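Enquirer: how would this look folded up:
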Amino acid sequence: MKKTLYDWLEVSPGASQEAISASFQRLSEKMNPDREENHFVPNAQSNFILLKEAYATLSDPLLRRAYDDK
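Expert: Numbers count the residues shown, from 1 in each chain. Take a look at the predicted model:
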């Protein structure tokens, strides 16, 4: 099953903007491909990009509504 943007941010579809922001902050620090421990993680760069795209969509109320309506 394909991961949703909510899955990438590890939040529920009903998550508040604050929860989305907090989760993004936590995960971006953990998944950053520039961290030494992530240098050899397969797909680290592409996963980090997907995380940032998920945040960009879900942190914008209009984009989030459009995503939820799909």
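Enquirer: Let's check: the centremost residue of the protein is which one?
Expert: Nearest to the geometric centre of the chain sits Leu51, at 3.2 Å (Cα atoms, centre = their mean).
Enquirer: Can you verify my assumption that it contacts Met31?
Expert: Yes. If you go by Cβ atoms under 8 Å, Leu51 and Met31 touch, sitting 5.9 Å apart. Backbone N, C-alpha and C define where each C-beta goes, glycine included.
Enquirer: what about the residue nearest to the centre of the chain, which SS state?
Expert: helix (DSSP: H, G, I helix; E, B strand; the rest coil).
Enquirer: ok, now which ones touch the nearest residue to it once chain neighbours are set aside?
Expert: Leaving aside its chain neighbours, Leu51 sits nearest to Trp8 (5.4 Å; criterion: Cβ to Cβ, 6 or more residues apart in numbering). By Cβ atoms under 8 Å, 6 or more residues apart in numbering, the contact set of Trp8 is Leu50, Leu51, Ala54.
Enquirer: how near is the first one to Pro33?
Expert: Okay, so that is Leu50. 12 Å (Cβ to Cβ, to the nearest Å).
Enquirer: Low-confidence regions, the protein specifically.
Expert: Low-confidence segments of the chain (pLDDT under 70): none present.
Enquirer: Quick one: the strands in it, in order.
Expert: Read by DSSP state E, the chain holds no strands at all.
Enquirer: Helices of that one, start to end?
Expert: For the chain, applying DSSP state H gives helices covering 5-9, 17-31, 44-58, 61-69.
Enquirer: Fine by me, thanks again.
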